[in-house]
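Engineer: Turn this into a structure:
(one chain, ligands or ions: 1)
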Amino acid sequence: MRKKIVAGNWKCNTTVKEGVELAKSVNELVLTSGAKDVVVVLGAPFTHLTSIVEAVDADRIDVSSQNCAAEPKGAFTGEVSASMVKSTGATYVILGHSERREYYHETSVTLNKKLTQVLEQGLTPIYCCGEALAIREAGTQNEYVKQQLDETIFLLPSEQLLKLVIAYEPIWAIGTGVTASTQQAQDMLSFIRGLIANKYNKEVAEEISILYGGSCSPSNAKDLFSQPDIDGGLIGGASLKAPDFLAIINAY
Ligand code: 13P
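Structural biologist: Below is the predicted model of the structure:
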């Protein structure tokens, strides 16, 4: 059975102290009142990872970085490798977020290198895909997302693909307050699962958790999570407030 996952992506927010406080609040709320069958992941800045791993209950909360280097080590000033992320105790790495593709020019070539690094370290990639507004308006979002996946994760053998979590995040819904409608989100996630079934097989497609991200909030999470192909959410803004994040976790 595939997992239900609610992952926070804090992006470039919080100091270490603030991040640890937020992580502790989430930890306490989840331990006392969080839906038990939901995997909870906190995607924090690199600088926070070690402290957050220490601050939370490892049996209940997983910690993620939001990126990693494409190379294993060496003269790459400012980079943080997958093995360094692993050494903090974090277990997930968000890869290919649209903000990284857009502002830091991450391409499929770079992302394939990063995927290799993350999988070699035994970390779980949360691999993001999703189209811009112009593509959605042109009605070519399926072709666009298919190409993003064909060039990257669909090059992996099934045993490796099964280690991934996929997150569909339409760029027009990120941080805008405009969520994809429940039907739009379900349609795309069903499309992605269909692609996996065609390329690999139905069993593989049924095993992989696919998340929706983009203005997910306590008020719309229940509808989104009720859909057959939506296995949870990748949450930006609402993950910075512990009660809102808990409400999304408890939307299941
Ligand atoms: P928001 O939830 O703030 O729209 O961000 C979504 C996101 O980018 C998560 O990775």
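Engineer: what's near enough to touch the closest residue to the ligand within the chain?
Structural biologist: Residue nearest to the ligand within the chain: G236 (2.2 Å; Cβ to the nearest ligand atom). From N, CA and C alone the C-beta is placed, and that goes for glycine too. G236 makes contact with 8-9, 11, 174-175, 213, 215 under the criterion Cβ atoms under 8 Å, 6 or more residues apart in numbering.
Engineer: Just the buried ones among those, please.
Structural biologist: By neighbour count, with 16 or more other Cβ atoms under 10 Å, the contacts of G236 hold 8-9, 11, 174, 213, 215 as buried.
Engineer: Among those residues, which ones lie close to the ligand?
Structural biologist: 9, 174, 213, 215 (Cβ under 6 Å from any ligand atom).
Engineer: Work out for me the element the last one sits within.
Structural biologist: Right, the one you point to is S215. Using DSSP states H and E, S215 sits in no helix or strand.
Engineer: Excluding sequence neighbours, find me the nearest residue to it.
Structural biologist: Closest residue to S215 apart from its sequence neighbours, by Cβ to Cβ, 6 or more residues apart in numbering: T179 at 4.3 Å.
Engineer: likewise the first one?
Structural biologist: The spatial neighbour of N9 that comes closest, neighbours along the chain excluded (Cβ to Cβ, 6+ apart), is G43 at 4.3 Å.
Engineer: Residues contacting stretch 24-39, please?
Structural biologist: 3-6, 8, 40, 42, 55-57, 60-62, 232, 242-243, 245-246, 249-250, 252.
Engineer: Quick one, which of the residues you listed are buried?
Structural biologist: If we count by 16+ other Cβ under 10 Å, those have these buried: 4-6, 8, 40, 42, 55-56, 61-62, 232, 242, 245-246, 249-250, 252.
Engineer: All the strands of the stretch 151-252 of the chain, residue numbers only.
Structural biologist: Along the stretch 151-252 of the chain, counting by DSSP state E, counting those that start in this stretch, strands occupy 165-168, 210-213, 232-235.
Engineer: would you turn those into CSV with mean pLDDT?
Structural biologist: Output for the strands of the stretch 151-252 of the chain, formatted as CSV (pLDDT from 0 to 100):
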stretch, mean pLDDT
strand 165-168, 98
strand 210-213, 98
strand 232-235, 98
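Engineer: So for C128, which of those strands sits nearest?
Structural biologist: Shortest distance between C128 and these, using Cβ to Cβ, is found for strand 165-168: 4.8 Å.
Engineer: and that closest one, how far from the chain's centre?
Structural biologist: How far strand 165-168 lies from its chain's middle: 6 Å, per Cα atoms, centre = their mean, to the nearest Å.
Engineer: can you tell me if that strand touches the ligand.
Structural biologist: No: contact of strand 165-168 with the ligand (Cβ under 6 Å from any ligand atom) is absent, the minimum separation being 6.9 Å.
Engineer: Could you list every helix and strand that that strand packs against?
Structural biologist: Packed against strand 165-168, as judged by 3 or more Cβ pairs under 8 Å, 6 or more residues apart in numbering; DSSP states H and E, are the following elements: strand 4-9, strand 124-129, helix 182-199, strand 210-213.
Engineer: Single out the most deeply packed of those.
Structural biologist: strand 210-213 (a mean of 28; mean count of other Cβ atoms under 10 Å).
Engineer: In PDB, list the C-alpha atoms belonging to that one.
Structural biologist: Below are the C-alpha coordinates for strand 210-213, written out as PDB (Å, rounded to 0.1, in the frame of the first residue of the first chain):
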ATOM      1  CA  ILE A 210       1.900  11.200  -5.600                       C
ATOM      2  CA  LEU A 211       1.300  14.400  -3.700                       C
ATOM      3  CA  TYR A 212      -0.400  17.700  -4.700                       C
ATOM      4  CA  GLY A 213       1.200  21.000  -3.900                       C
END
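Engineer: Right, I'll call it a day here.
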